[in-house]
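Chemist: Here is my input; please provide its structure:
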Amino acid sequence: MFAYPSSLTTYLSLVRLRLSFKLQIDGQAARVVRSWQMMVRVTKSALLIRMIDLLRNRPGITVGEMSVLLSRSERTIYRWLSLLCAELGTSLYCSNGGYYISDNHLGKRLSLSPEELLAVSLSLKSQPFGDGSPLHEFAASAWAKIREAATAEKLGKLSDLQQAHDLSIQNVSSGASPTVTVALERAVNSRRRIRAVYRSQKSNSVKEYVLDPYAMVFRKHSWYLLAYCHEHGKVSQFKLIRFVGVEETGESFTVAKNFLVDEFFSGSWEAWGGEERVTVRVQFSKRVAQMIAETTRHPTQIVEPQADGSIIYQVSVAGIDEIGAWIMGYGRDAEVLEPESLRDHIARHAADMLANYAVRSFEDQLSFVEN
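Modeler: Numbers count the residues shown, from 1 in each chain. All right, here's what the predicted structure looks like:
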């Protein structure tokens, strides 16, 4: 009987003889060569199948471990991993040196471009996800997973984009107590009634409320809790940083059927909602008219150009305090036409400011005379 070649070297020698010297290999030798070729193909297929089994049954297996178990070099393992992805359509990803197989092709779904990575990174590092945010830890872990799924080449391009773009987002800590934030988040998710000690900005006093926490929201620079307040008999807005203490009462509650976060803030100027709407009309001087008109600050705004170059700016907003502060920022270039309550509100503030500066001016003059 003709013996099978004992090594791949023997097989290659036979092939070289056939090609170089065109020797006529007898029928039995030809059958041996074909058998050897088939055996090599079957062995490789079997090993690839075993590799897939290892990836499925041992998530996180390393190249070194596969090399030992499959009796192949690490270079061959890397080549076969590429083969699984490129030719067989298998989705693989590497995490901390270990390889995983993903049946739902997660890697393909997370194939973000460097520009998309830049947009995501800036979003997750922005103020709503900063220190003290209920979502801070989740944002950090989400970005870590996205970075892990990205290729080194794309992360390199991301670094170049970050250097080439002056995109700076001010991230100010909310200042809220982590203990309070966690307690409120848990109460919102579990629909549990709470008893809260809260520092009221308007009355400058500490009060106790019984609240049904509906939702946590971010507006302007801060996180807030929207909750049904049993003392007020309505849904009210509470700033997280002003909570002194929170405890669950052991009771559950049901969110009112007509409550919607968007509806609560539908008339908000910037951060505060829930108040009755009022129509505000302000005349801005020619000096600032163009700057005011070129930006849409509110969905209800109407701009009416005037013959003298000034404009009349009209909006429908919830309450007068927030928009009043914005109007006062334009000083003499803004005059409230209506409502009368807002005119009086700004006039009182202006008078108080004038009194402050008048007293300071008088004291400075007196000091000058004495010296």
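
Chemist: buried ones in stretch 294-314?
Modeler: 298, 301, 310-314 (16 or more other C-beta atoms under 10 Å). Bear in mind the C-beta positions are built from the backbone N, C-alpha and C, glycine included.

Chemist: before we move on, what about stretch 80-98?
Modeler: Those buried within stretch 80-98 under the rule 16+ other C-beta under 10 Å are 80-81, 84, 90-91.

Chemist: before we move on, what about stretch 275-290?
Modeler: 278, 280-285, 289.

Chemist: Provide the partner residues of the nearest residue to Ser205 once chain neighbours are set aside in its beta bridges.
Modeler: Closest residue to Ser205 apart from its sequence neighbours, by C-beta to C-beta, 6 or more residues apart in numbering: Arg199 at 7.6 Å. Beta-bridge pairing of Arg199 under DSSP bridges involves Val206.

Chemist: Isn't Arg199 up against Val206?
Modeler: Yes - applying C-beta atoms under 8 Å, one finds Arg199 in contact with Val206, separated by 5.2 Å.

Chemist: overlap in contacts of the two?
Modeler: Shared contacts of Arg199 and Val206, defined by C-beta atoms under 8 Å, 6 or more residues apart in numbering, comprise Val244.

Chemist: who's Arg281 bridged to?
Modeler: Bridge pairing for Arg281 - DSSP bridges - gives Gln314, Glu338.

Chemist: for this structure, where's the lowest mean pLDDT among helices and strands?
Modeler: None of the helices or strands of the chain scores lower by mean pLDDT, DSSP states H and E than helix 106-109, at a mean of 44.

Chemist: Show me what whichever helix or strand comes after that one is packed against.
Modeler: Sequence order places helix 114-124 as the next helix or strand after helix 106-109, per DSSP states H and E. With contacts taken as 3 or more C-beta pairs under 8 Å, 6 or more residues apart in numbering; DSSP states H and E, helix 114-124 sits against helix 136-149, helix 152-164.

Chemist: CA atoms only: put whichever strand or helix holds Leu81 into CSV for me.
Modeler: Assigned by DSSP H and E, Leu81 belongs to helix 74-86. Listed next in CSV are the C-alpha coordinates belonging to helix 74-86 (Å, rounded to 0.1, in the frame of the first residue of the first chain):
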residue,chain,number,x,y,z
GLU,A,74,-1.8,33.3,16.9
ARG,A,75,-1.2,34.7,13.5
THR,A,76,-3.4,32.0,12.0
ILE,A,77,-6.1,32.7,14.6
TYR,A,78,-6.1,36.4,13.7
ARG,A,79,-6.4,35.4,10.0
TRP,A,80,-9.3,33.1,10.8
LEU,A,81,-11.1,35.8,12.9
SER,A,82,-10.9,38.1,9.8
LEU,A,83,-12.2,35.3,7.6
LEU,A,84,-15.2,34.8,9.9
CYS,A,85,-16.1,38.5,9.7
ALA,A,86,-15.3,39.1,6.0
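
Chemist: Am I right that Ser316 is in contact with Val278?
Modeler: Yes - under the criterion of C-beta under 8 Å, Ser316 makes contact with Val278 at 7.2 Å.

Chemist: what sits up against the helix holding Leu81?
Modeler: For helix 74-86, the external contacting residues (C-beta under 8 Å, 6+ apart) are 47-48, 51-52, 63-64, 66-67, 70, 72, 90-92, 99.

Chemist: Lowest-confidence one in those residues?
Modeler: Ranked by pLDDT, the contacts of helix 74-86 bottom out at Thr90, which has 65.

Chemist: re earlier: same drill for Arg199 and Val206, tell me which one is more crowded.
Modeler: Arg199 (15 against 12; other C-beta atoms under 10 Å).

Chemist: Identify the residues contacting the more buried one.
Modeler: Contact analysis of Arg199 by C-beta under 8 Å, 6+ apart lists 205-206, 242-244.
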